[in-house]
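Student: Need the 3D shape of this:
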Amino acid sequence: MSEVWHGSNPEGLERDESAEGPSLRNRLGTPPLVGWWWALFLGPNLIGDLATREMLAPSPTLGQLQFGSGLFVLSDALHIPGALVAIHVIARITGWQAERNGRVRERAPS
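Tutor: Numbering: from 1, shown residues only. Got it, this is the predicted structure:
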């Protein structure tokens, strides 16, 4: 995702056209928004897995069932900000790619 992010940014068009461009893109680091997207994608799924293990334990106690239910609620609640961040990331990348495409077309010989 980091490479898609940096490859879509229209400000990096000159960098990508240089001899070192594409390999330089891999060394730029992960943008914070992409890191948040990744954390909010993995986190709720890991919590949901823990909840499932609690709920499916052999002869679960009432405490295990309550704890598992709480984990499911937390997992579901974290999917909301995760979806909002994903929408933001997708919108930014889509907009950048459209802008970058326009800049490339402007430079193309007629």
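Student: Give me the distance between the residue nearest the centre of the chain and residue 43.
Tutor: Most central in the chain under Cα atoms, centre = their mean is residue 37, positioned 3.4 Å from the mean C-alpha point. According to Cβ to Cβ, to the nearest Å, residue 37 stands 11 Å off from residue 43. (Each C-beta comes from the backbone N, C-alpha and C, glycine too.)
Student: okay, and the common contacts of those two?
Tutor: Shared contacts of residue 37 and residue 43, defined by Cβ atoms under 8 Å, 6 or more residues apart in numbering, comprise residue 82.
Student: circling back: where does the residue nearest to the centre of the chain land on pLDDT?
Tutor: With respect to pLDDT, residue 37 scores 95.
Student: cool, and residue 9?
Tutor: 87.
Student: quick revisit: and the helix or strand containing the residue nearest to the centre of the chain, what other elements does it pack with?
Tutor: Take DSSP states H and E as the rule and residue 37 turns out to sit in helix 32-55. If contacts are counted by 3 or more Cβ pairs under 8 Å, 6 or more residues apart in numbering; DSSP states H and E, helix 32-55 sits against helix 62-107.
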